[in-house]
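Colleague: Based on what follows, work out the 3D shape:
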Amino acid sequence: MGRATGRADLPLHGGRVPKWLAERMARLGAIAVEALVHTYGRDEVLRRLAHPFWFQSLGCVMGMDWHSSGITTSVLGALKRGLAPLRDELGLEVCGGRGRHSRATPDELMAAAGRWGLDGDGLARASRLVAKVDNAAVQDGFQIYLHGFVLAADGRWTVVQQGMAAERGIARRYHWLSEGLQSFVDDPHAAIDGECKGRIVNLADRRAARARAKTVALAREGPDAIVGAYREAVRARATGSSEPAGAQAPLPHLVMPRHHEVRPENVVERRLHGALAAVEATGDALDGKLGFEALLSVPGIGPRTLSSLALISEVLHGAPSRFTDPARFALAHGGKDGHPFPVPLRVYDAALAVYRDAIDKAKLGRDEKLEALRRLGEQARRLESWAAGRNYPGVGEYMAAERRDSWRYGGMTVDGPARPPPAASGGPAPRPRAAPSGRPERRPKARPPGQRARVHRRQLGLPGL
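Modeller: All right, here's what the predicted structure looks like:
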């Protein structure tokens with residue numbers, strides 16, 4: 001993974017995470033980390049958390065607001081709670097947090113260092129330097145208010161920080177990775193996320209080495225030299241002098257829009273179709289006894305839960321290029337504010353149960369179920385091109401069907417349970433839409449009991465998990 005992976009504009013949102021979602025986010029966060037450690041090792045967990053696009057995708061699949069600044073706080077909080085009982089087993093601990101919790105980071109690092117025999121003073125110093133660099137050396141108009149330090153038992157770490165510009169209503173997230181770090185003031189970031197607002201003074205960039213040296217020299221020479229340098233800079237700008245060589249180039253960035261709803265253009269449709277095709281192919285494999293039986297060991301698992309499992313699997317095993325549309329992962333479990341649809345608690349709990357069972361079996365040396373889940377995500381990637389142009393629902397249709405059927409899956413938002421549409425609750429059925437010919441539109445009929453329906457038909461009208 002490269003040092004700079006991009007930027008993201010995160011709208012500032014208020015609100016809270018309800019208890020029913022916070023508990024599930026902690027469980028899913030722990031499961032995701034356990035699966036990554038089992039498959040790839042601890043270092044890969046740190047690398048993923050240092051990737052801003054992946055971090056956003058993880059928050060989306062957890063059921064948080066898909067684009068807001070609250071993802072940073074809630075994901076770090078969920079990981080801190082979920083990994084606390086597993087810190088000695090996995091060798092990972094999340095320290096710090098928001099506000100007063102961020103100020104407790106040095107003490108938490110010292111305690112963790114004592115358990116694992118690490119240099120606590122050095123870790124506390126690293127924590128303070130990271131905060132200082134992003135608050136002072138990177139002058140981009142954002143005030144740091146959140147500091148999360150993810151520490152591994154071997155001393156490696158990742159830091160995720162967030163700053164806000166309240167007057168603009170946006171937040172910026174900063175990612176650090178200790179792997180390969182040579183200096184805290186010479187290009188140390190794994191990535192800086194945020195909306196580009198004019199020129200940013202980043203004295204931690206490697207191209208700013210000369211500027212850092214000049215700053216130290218001016219400080220030693222006293223105030224007269226500083227005033228003279230300032231006047232010279234003003235004269236150069238007034239005469240239209242060109243920018244100095246090596247000026248900082250803008251980084252690629254992910255723009256998270258301000259609108260609350262997920263719109264079709266926020267999701268790469270072919271990737272959604274690949275996931276639906278993978279679930280359908282898995283059903284064919286189950287019918288033919290071709291090795292996916294392990295995924296159905298939990299009663300009630302069906303195509304809807306398999307769709308969520310496919311998206312979770314992609315978060316765990318997908319390549320970095322797969323996370324350019326993090327909103328797609330909100331289609332696994334919706335969002336607490338009802339965007340793109342209410343959180344389907346029955347589906348969420350079923351997916352948690354499948355992954356929990358797979359990880360517990362993997363700890364005993366039985367990897368077949370965890371491997372089947374990995375292949376489910378792999379299948380989605382392979383079937384993308386095959387699914388193109390076939391009769392799968394568009395993103396808008398998919399979300400509309402999920403909103404309509406959310407009450408069947410135990411849909412929940414911060415405002416309470418999802419309500420059934422009038423026809424489902426015994427009220428008057430909606431009038432059929434008129435087809436272009438003027439005749440009523442024909443609706444697809446439900447398949448007979450016991451016959452497996454194609455996934456895209458089922459998503460558009462047939463209930464169940």
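Colleague: So E378 sits against H317, correct?
Modeller: Yes: using C-beta atoms under 8 Å, E378 is in contact with H317, at 6.9 Å. (Glycine included, C-beta is placed from N, CA and C.)
Colleague: Which of these two has more residues huddled nearby?
Modeller: H317 (19 against 16; other C-beta atoms under 10 Å).
Colleague: Tell me the predicted confidence for the more buried one.
Modeller: Listed pLDDT for H317 reads 93.
Colleague: hang on, isn't it packed against Q379?
Modeller: No: H317 lies out of contact with Q379 (C-beta under 8 Å); the separation is 11.1 Å.
Colleague: Next, please give the residue ranges for the strands of the protein.
Modeller: With DSSP state E, the ranges of strands along the chain come out as 7-11, 92-98, 138-139, 143-152, 157-165, 170-177, 189-192, 201-202, 253-255, 343-344, 411-413, 416-417.
Colleague: Which one of the ones you listed lies nearest to R328?
Modeller: strand 253-255 (12.8 Å; C-beta to C-beta).
Colleague: what's the neighbour count on M64?
Modeller: The burial count for M64: 28, using other C-beta under 10 Å.
Colleague: so what's it up against?
Modeller: V17, L21, M25, G70, I71, S74, V75, G335, K336 (C-beta atoms under 8 Å, 6 or more residues apart in numbering).
Colleague: would CSV of these with pLDDT and neighbour count be doable?
Modeller: Formatted as CSV, the contacts of M64 follow (pLDDT from 0 to 100; neighbours: other C-beta atoms under 10 Å):
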residue, pLDDT, neighbour count
V17, 93, 20
L21, 97, 24
M25, 98, 26
G70, 91, 22
I71, 93, 27
S74, 95, 24
V75, 96, 23
G335, 95, 27
K336, 94, 26
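Colleague: Helices along the stretch 301-450 of the chain, start to end?
Modeller: 303-317, 330-333, 345-363, 368-382, 384-387, 395-405 (DSSP state H, counting those that start in this stretch).
Colleague: just the ones you listed: most buried one?
Modeller: helix 330-333 (a mean of 27; mean count of other C-beta atoms under 10 Å).
Colleague: List the contacts of that one.
Modeller: Helix 330-333 is contacted from outside by 60-63, 66, 262, 267, 272, 307-308, 311-312, 339-340, 343-344, 347-348, 351, 398-399, 402, using C-beta under 8 Å, 6+ apart.
Colleague: Could you do stretch 107-123 as well?
Modeller: 87-88, 91, 93, 95-96, 124, 127, 149, 151, 153, 155, 157.
Colleague: Stretch 371-390 now?
Modeller: 39, 270-271, 273-279, 281-282, 291-292, 294-295, 306, 309-314, 316-318, 322, 354-355, 358.
Colleague: residue ranges with poor pLDDT in the stretch 51-200 of the chain?
Modeller: 134-140, 180-200 (pLDDT under 70).
Colleague: one more time with 80, if that's ok
Modeller: Counting by pLDDT under 80, the low-confidence segments of the stretch 51-200 of the chain come to 131-141, 180-200.
Colleague: check contacts around G148.
Modeller: T72, L76, K80, V94, C95, G96, G97, S102, V159, V160, Q161.
Colleague: Likewise for V279?
Modeller: Contacts of V279 by C-beta under 8 Å, 6+ apart are P303, L306, S307, A310, L376, V455.
Colleague: Can you report how many residues lie near G389?
Modeller: 9.
Colleague: Test my guess that A171 contacts H67.
Modeller: No: at 11.0 Å, A171 does not count as touching H67 under the criterion of C-beta under 8 Å.
Colleague: Overlap in contacts, the two.
Modeller: Joint contacts of A171 and H67 (C-beta under 8 Å, 6+ apart) are L10, P11.
Colleague: circling back to that earlier point, closest to R366 out of the strands of the chain?
Modeller: Counting by C-beta to C-beta, R366 lies closest to strand 92-98 out of these; the figure is 23.5 Å.
Colleague: so what strands line up beside that closest one?
Modeller: Strand 92-98 sits in its sheet next to strand 143-152 (antiparallel), going by DSSP bridges.
Colleague: May I have the partner strand as PDB, with CA atoms only?
Modeller: The C-alpha trace of strand 143-152 is given here as PDB (Å, rounded to 0.1, in the frame of the first residue of the first chain):
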ATOM      1  CA  GLN A 143      -8.700  21.100  14.600                       C
ATOM      2  CA  ILE A 144      -8.000  17.600  15.800                       C
ATOM      3  CA  TYR A 145     -10.600  16.300  18.200                       C
ATOM      4  CA  LEU A 146     -10.300  12.500  17.800                       C
ATOM      5  CA  HIS A 147      -7.200  10.400  18.300                       C
ATOM      6  CA  GLY A 148      -7.300   6.600  18.000                       C
ATOM      7  CA  PHE A 149      -4.100   4.500  18.400                       C
ATOM      8  CA  VAL A 150      -4.300   0.800  17.400                       C
ATOM      9  CA  LEU A 151      -1.300  -1.000  18.900                       C
ATOM     10  CA  ALA A 152       0.000  -4.500  18.100                       C
END
